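Participant: Any chance you can model this:
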Amino acid sequence: MSRLALVTDAWHPQVNGVVRTLDTTRTELEKLGVAVTMVTPADYRTVPMPTYPEIRLTVTWPGRVARAIDRVEPDYVHIATEGPLGQMARRWCRKNSVGYTTSYHTRFPEYVRARLPVPLSWSYAFVRAFHNEGVCCMVSNTTLERALAERGFRRLVRWVRGVDTVTFNPDVPAALPDLPRPVFLYVGRVSVEKNIEAFLSLDLPGTKLVVGDGPARADLQARFPDAVFTGNRLGEALTAHYTSADVFVFPSLTDTWGLVQMEALACGVPVAAFPTMGPVDVIADSGTGALDWDLKRACLAALSIPRSRCRAYAERFSWEASVRQFWDNLQTANTQPRSA
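Facilitator: Numbering: from 1, shown residues only. Below you'll find the model as predicted:
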């Protein structure tokens, strides 16, 4: 049985697409007979991240992380994030001459710039060095691969995400059936980098519904009192909020994929978004969403998209296939000579 150490700074109780992706990947890998050990903040002391207390940063010594990986005696190491745990795992790999794979989940430089006056070039230099030192970096789509390659990232391979079409399905009764229609829904972190204000500022009929939590919630809730904010929802309760909606609005300009788009489609809800990385790759020419730099126009256009078409498209993205691609990438990258 192969042994994998999967290292991530993003983990429960965080509620986001990265955590859901990694947790599902672990479960599916175990079905393939892979022994997966998670190295996460759950095993260490953490402190709240400045300006974003919902995210906890690990505070520990590199030696403790090294011992945790040593106990696994891993055949493979995958480092999913560039945070404190990721850096300490990278140090272990250097010391032991072990190749590691990475995956690019978050446009970290753009997130930093949204909060602090840090030049993109500085942040990209940091993350580029981290990922280029690995044996490969897994990316979710063509647009992201092209953008990273232009910034000097090497050994990029594809890892397309899946969606849980059992949990997320259009047959779950709506949680909020009495909201004035049409219902335009956002699901995700309520934070500045998600560009939610672009959605809430639109002059739209019906109801704007926001599901999720984060540091910008109090401010947005005060500024947009007509919108409905529910906080985080999980499992069937989250599905019931998706099925309450007529259109899923994805205003982010910084996401690499946007798993919530796939969850909405699996529930039969069409997507309205800007034509940028993530939406252009998820929606493409499927006819399951409306992409327009005029977000209001996209929202109204999406109302006419058949829900059955959205569900049928989502059914093409299985987690089984996604995780098989991840595992194939991991094995191939660790058997090929490393090129410059």
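Participant: What is the burial count for residue 289?
Facilitator: Neighbours of residue 289 under the rule other Cβ atoms under 10 Å: 28. In this view, the C-beta of every residue, glycine as well, is placed from N, C-alpha and C.
Participant: what do you get for residue 120?
Facilitator: Neighbours of residue 120 (other Cβ under 10 Å): 13.
Participant: Would you confirm that it contacts residue 108?
Facilitator: No. Judged on Cβ atoms under 8 Å, residue 120 makes no contact with residue 108 at a distance of 10.3 Å.
Participant: can I see the domain layout of this protein?
Facilitator: 3-162+319-333, 183-314 (automatic domain parsing).
Participant: Any chance of JSON lines for those, columns distance to residue 169 and mean pLDDT?
Facilitator: Shown next, in JSON lines, are the domains of the chain (distance: least, Cβ to Cβ, whole Å; pLDDT from 0 to 100):
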{"stretch": "domain 3-162+319-333", "distance to residue 169": "14", "mean pLDDT": "94"}
{"stretch": "domain 183-314", "distance to residue 169": "6", "mean pLDDT": "97"}
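Participant: Can you tell me which of those is most buried?
Facilitator: domain 183-314 (a mean of 20; mean count of other Cβ atoms under 10 Å).
Participant: now do the same end-to-end measure for it.
Facilitator: 21 Å (Cα to Cα, to the nearest Å).
Participant: Could you check how far that domain is from the centre of its chain?
Facilitator: Distance, stretch centre to chain centre, for domain 183-314: 14 Å (Cα atoms, centre = their mean, to the nearest Å).
Participant: Tell me the spatial nearest neighbour of residue 156, not counting adjacent residues.
Facilitator: Once flanking residues are discounted, residue 156 sits nearest to residue 145: 5.0 Å by Cβ to Cβ, 6 or more residues apart in numbering.
Participant: List the contacts of that neighbour.
Facilitator: Neighbour list for residue 145: 139, 156, 158 [criterion: Cβ atoms under 8 Å, 6 or more residues apart in numbering].
Participant: between those residues, which is nearest residue 278?
Facilitator: Lowest distance from residue 278 to those (Cβ to Cβ) belongs to residue 139, with 11.8 Å.
Participant: Who does the closest one form a beta bridge with?
Facilitator: Beta-bridge partners of residue 139, counted by DSSP bridges, are residue 158.
Participant: To residue 176, which of the domains of the chain lies closest?
Facilitator: Closest among the domains of the chain, using Cβ to Cβ: domain 183-314, at 4.4 Å.
Participant: And the helices in this protein?
Facilitator: Counting by DSSP state H, the chain has helices at residues 17-31, 62-72, 84-95, 108-115, 120-132, 142-150, 196-200, 217-223, 235-242, 259-266, 279-282, 295-302, 307-314, 319-333.
Participant: which strands and helices sit next to the fifth one?
Facilitator: Counting contacts by 3 or more Cβ pairs under 8 Å, 6 or more residues apart in numbering; DSSP states H and E, helix 120-132 packs against helix 84-95, helix 108-115.
Participant: before we move on, what about the last one?
Facilitator: Helix 319-333 is packed against helix 17-31, strand 76-79, strand 101-103, strand 136-139, strand 156-158, with contacts defined by 3+ Cβ pairs under 8 Å, 6+ apart.
Participant: with the contacts of residue 145 in mind, which one is nearest to residue 133?
Facilitator: residue 156 (13.9 Å).
Participant: rewinding a little: columns distance to residue 207 on top of the helices of the chain, output as JSON lines?
Facilitator: As requested, the helices of the chain are exported to JSON lines (distance: least, Cβ to Cβ, whole Å):
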{"stretch": "helix 17-31", "distance to residue 207": "24"}
{"stretch": "helix 62-72", "distance to residue 207": "46"}
{"stretch": "helix 84-95", "distance to residue 207": "40"}
{"stretch": "helix 108-115", "distance to residue 207": "27"}
{"stretch": "helix 120-132", "distance to residue 207": "36"}
{"stretch": "helix 142-150", "distance to residue 207": "31"}
{"stretch": "helix 196-200", "distance to residue 207": "12"}
{"stretch": "helix 217-223", "distance to residue 207": "14"}
{"stretch": "helix 235-242", "distance to residue 207": "12"}
{"stretch": "helix 259-266", "distance to residue 207": "16"}
{"stretch": "helix 279-282", "distance to residue 207": "22"}
{"stretch": "helix 295-302", "distance to residue 207": "12"}
{"stretch": "helix 307-314", "distance to residue 207": "18"}
{"stretch": "helix 319-333", "distance to residue 207": "31"}
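Participant: Cool, thanks, talk later.
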